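Asks: Sequence first, then the predicted structure:
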Amino acid sequence: MKNKINKQILFIARFVLTIALLVFIFKKVDFNAVGQVLYTANKIYILLALFLVCVHVFFKSYKWYLLAKELHSENTFWGAMRSYLRGTGLAIVTPSRIGELGRIVGMKGNKLHLGSLTFVDKISELWIVIFFVLLGGQRLLTGFNPIFIIIALAVILLFLYQFRRFNNAITRFVPFAFLKHLLRGFTLVSWPLSNIILILSFLTMSVYFLQAYLLLSAFHPVAVTTILMVFPLILLTNLVPITIGSLGIREGVAIYLLSQFGIPAGVAVSVSLILFLFDTVIPGVLGSLLFSLQSKSYVKKNR
């Protein structure tokens, strides 16, 4: 009971902080300016970015399908898509997007192993984001471009991603059976599949950056290099679990970073919020609706 109350208090605190940050940002930016930016935007570019939501969801769902099928051959692509969308909906309101673990519901196989595979999926995307941060984001922050350090770290990250190779060495030192079982879940992904997942994660991030480029171009001329320097850093705000869906944090970071390239705050806020709407809110709402319809259908069948 006490834990439930603490969770409710934490959620209320995060909700209040989210609203406070958004109000502060809109006061600084001027809501009318944001509205004017949206009104004058190139609608074709926005529609193209919206279409890419389908591509984004496909890559994400297909990755999850390949991982889940590796665990249990009866898992289907459409089942994986539904569970991915549901996890996205839960991720919006949970710290560090931990709600994505909700995607294990409805999938066949050991739930603990499915949870481990969810982390494998997220780690693969994190490696790609870190790679782009090393490639461009650090140059924005530090002003220099140590290409050899970038290549070396990228190779190390790729090496570490092949977690399966280190299972025996790591698990022998883990004290609890539960943790050993969880770690072994990471090793369920074969060497060839782990590389395929990494490639799909790269394509997923590339679609996200293309959406960002189209949306920024709809409001303000921008170079591709600007996208590669700024948006990997913006993506890292998803790891800051103090507001709902990182709202407010992400917009503040976007305003600061894009201002370095002469992009107005109103444009930065508009693009950040539209990306969040396209790639998180829309798939999340769709997933919640699909899960609700599926639950009602299941109840009717078992009456």
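Replies: Now that the structure is in, tell me what you want to look at. These numbers were taken from a predicted model, which means no experiment stands behind them.
Asks: Please make it C-alpha for all contacts and neighbour counts, starting now.
Replies: Fine.
Asks: Leu216 sits in which helix or strand?
Replies: Leu216 is located in helix 191-219, with elements delineated by DSSP states H and E.
Asks: If you count neighbours, what's buried in that helix?
Replies: 194-195, 197-205, 207-219 (16 or more other Cα atoms under 10 Å).
Asks: average pLDDT across stretch 131-145?
Replies: When pLDDT is averaged over stretch 131-145, the result is 68.
Asks: repeat for stretch 213-220
Replies: 90.
Asks: And stretch 79-98, by the same measure?
Replies: 77.
Asks: Now do the helix or strand following the helix holding Leu216 against helix 191-219, angle only.
Replies: Toward the C-terminus, helix 191-219 is succeeded by helix 224-235 as the next helix or strand (DSSP H and E). With axes from the mean of the first three to the mean of the last three Cα atoms, to 10 degrees applied, the angle from helix 224-235 to helix 191-219 works out at 110 degrees.
Asks: For helix 224-235, which residues meet the burial criterion?
Replies: Quick answer for helix 224-235 (16+ other Cα under 10 Å): Thr226, Ile227, Leu228, Met229, Val230, Phe231, Pro232, Leu233, Ile234, Leu235.
Asks: what comes up buried for the helix or strand just after that helix?
Replies: Toward the C-terminus, helix 224-235 is succeeded by helix 249-259 as the next helix or strand (DSSP H and E). For helix 249-259, a neighbour-count test (16+ other Cα under 10 Å) marks Ile249, Arg250, Glu251, Gly252, Val253, Ala254, Ile255, Leu257, Leu258 as buried.
Asks: now, among the residues you listed, which is nearest to Tyr62?
Replies: Arg250 (27.1 Å; Cα to Cα).
Asks: Look up the closest residue to that closest one, ignoring the ones flanking it.
Replies: The shortest distance from Arg250 to any residue other than its chain neighbours is 5.7 Å, reached at Thr237 (Cα to Cα, 6 or more residues apart in numbering).
Asks: For the residue nearest to Leu236 when sequence neighbours are not counted, the count of nearby residues, please.
Replies: Nearest non-adjacent residue to Leu236, counting by Cα to Cα, 6+ apart: Val129, 7.7 Å away. Look at Val129: counted by other Cα atoms under 10 Å, it has 22 neighbours.
Asks: How about Ile44?
Replies: For Ile44, using other Cα under 10 Å, the count is 12.
Asks: try the one 10 residues further on
Replies: Counted by other Cα under 10 Å, the residues lying close to Cys54 total 14.
Asks: Quick check: it vs Ile196, distance?
Replies: From Cys54 across to Ile196, the span is 20 Å (Cα to Cα, to the nearest Å).
Asks: And Leu52, by the same measure?
Replies: 21 Å.
Asks: could you show me where the helices are in the stretch 1-150 of the chain, in order?
Replies: Ranges of helices in the stretch 1-150 of the chain, per DSSP state H, counting those that start in this stretch, are 2-29, 31-40, 43-71, 77-91, 111-132, 138-142, 147-161.
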